[in-house]
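J.: prediction below, plus the sequence it came from.
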Amino acid sequence: MIRIGDFSKLSQVSIKTLRYYDEMGLLKPLNVDRFTGYRYYSVSQLPRLNRILALKDLGFELSQIAQVVGEGVSSEQLRGMLRLKYAELQQQIADSQERLARIEARLNDIEREDTLPNYDVVLKQADAQLVAGVRDTLSNYPEVGRLLNKVYDYLARSGVNGLSLTGAAIWHDDEYKTGDIDGEAVVYLKQPVPADGHVKVYELPEALVASVIHKGAYNKFSQAYEALGHWIEANGYTVVGPNREIYLECLEPVRQDDDSYVTEIQFPIAKKEPDHS
């Protein structure tokens with residue numbers, strides 16, 4: 001038997017780490033002097049220590065290593081653990097690559113020499129949301145306010161204080177249009193209300209969205225839309241559903257040029273399929 005210091009030199013593992021492995025039950029000394037407390041090891045324990053170090057280098061947690069070297073696992077079980085670790089690391093690499101792409105896109109935004117406001121685009125999961133809504137063909141985009149008033153009036157008649165609830169617009173067209181716009185006004189509900197022939201009550205589905213907060217007038221939305229479009233393209237996403245404008249703060253009567261308004265703009269998105277052509 002050799003003392004812990006010599007075993008540390010032979011294994012090139014610090015005494016502190018050896019003591020920790022002892023406490024974890026991964027590698028117990030062959031003997032501990034009851035008077036001095038000195039730990040004694042054997043050269044025959046080096047293969048076990050090397051296996052611990054190899055598994056740790058592969059990214060296994062100490063609890064998993066204890067299962068392998070302590071309880072013993074079959075070759076098939078070890079292969080399964082390694083496959084899981086492989087998949088986990090692949091996902092970490094994919095996540096890191098996406099984060100790098102977002103950083104690169106943000107750097108490009110910073111370096112763009114233009115006068116656009118600096119929008120922080122956020123990728124988030126929008127939860128499913130119960131809404132009351134009216135959908136119609138509009139002659140222009142501001143006309144969605146007329147639909148919103150219909151929804152708020154209906155909620156008031158139903159005994160709901162709709163003015164305390166958040167209103168939003170959903171744009172169903174696949175392109176920007178100057179007329180015959182497929183628009184929908186919705187109000188986010190906290191509890192169900194009955195529907196009628198004009199107002200539909202339904203659950204807006206959850207979606208992964210790219211989102212920005214626009215602090216400014218409605219007639220300056222194009223700046224926020226441009227920032228969102230640039231971010232979606234630069235990060236390898238594609239739009240997969242109608243975009244939403246959520247009117248967080250506005251004043252009555254509604255004006256298109258009031259810079260005190262706060263609006264969240266969301267685009268449902270998904271990762272682009274790889275091009276194998």
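T.: Looks like it arrived, so ask away.
J.: give me the number of neighbouring residues for residue 32.
T.: 13 (other CB atoms under 10 Å). Where C-beta positions appear, they are placed from N, C-alpha and C, glycine not excepted.
J.: for residue 236, see how far away the spatially closest residue to it that is not a sequence neighbour is.
T.: Leaving out its chain neighbours, the residue that sits closest to residue 32 by CB to CB, 6 or more residues apart in numbering is residue 39, at 5.4 Å. Distance of residue 39 to residue 236, computed by CB to CB, to the nearest Å: 54 Å.
J.: of the two, who's got more company?
T.: Between residue 39 and residue 236, counting by other CB under 10 Å, residue 39 is the more crowded of the two (21 against 15).
J.: sorry, back to before: tell me the contacts of the residue nearest to residue 32?
T.: Shown in contact with residue 39 (CB atoms under 8 Å, 6 or more residues apart in numbering): 3, 4, 18, 19, 22, 29, 31, 32.
J.: just put those residues in a markdown table and tack on pLDDT.
T.: Listed next are these as a markdown table, based on pLDDT from 0 to 100:
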| residue | pLDDT |
| --- | --- |
| 3 | 87 |
| 4 | 88 |
| 18 | 91 |
| 19 | 90 |
| 22 | 88 |
| 29 | 89 |
| 31 | 87 |
| 32 | 88 |
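J.: export the residues you listed to TSV and tack on secondary structure and distance to residue 78?
T.: Listed next are the contacts of residue 39 as TSV, based on DSSP: H, G, I helix; E, B strand; the rest coil; distance: CB to CB, whole Å:
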residue	secondary structure	distance to residue 78
3	strand	33
4	helix	29
18	helix	24
19	helix	27
22	helix	24
29	coil	26
31	strand	30
32	strand	31
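J.: of all those residues, which comes closest to residue 261?
T.: residue 19 (62.6 Å; CB to CB).
J.: list the contacts for the closest one?
T.: 4, 39.
J.: count of neighbours near the closest residue to residue 50 other than its chain neighbours?
T.: With CB to CB, 6+ apart as the criterion, residue 50 has its nearest non-adjacent residue at 7.8 Å, and that residue is residue 11. Other residues near residue 11 come to 18 when the count uses other CB under 10 Å.
J.: now swap in the one 4 residues further on and tell me
T.: Residues contacting residue 15 under the criterion other CB under 10 Å number 14.
J.: per-residue confidence at it?
T.: Residue 15 carries a pLDDT score of 91 in this model.
J.: what sits closest to it if chain neighbours are left out?
T.: residue 8 (5.0 Å).
J.: what segments of the stretch 101-250 of the chain are strands?
T.: 122-126, 129-138, 167-171, 181-188, 200-204, 207-215, 237-239, 243-249 (DSSP state E, counting those that start in this stretch).
J.: give me the low-pLDDT residue ranges for the stretch 151-277 of the chain?
T.: Low-confidence segments of the stretch 151-277 of the chain, defined by pLDDT under 70: 162-163, 275-277.
J.: how about the helices in it?
T.: Assigned by DSSP state H, counting those that start in this stretch, the helices in the stretch 151-277 of the chain fall at 221-234.
J.: remind me, longest helix of the chain?
T.: helix 75-111 (DSSP state H).
J.: shaky segments in the stretch 1-150 of the chain?
T.: 71-73, 109-117.
J.: distance check, residue 128 against residue 85.
T.: For residue 128, the distance to residue 85 - CB to CB - is 34 Å.
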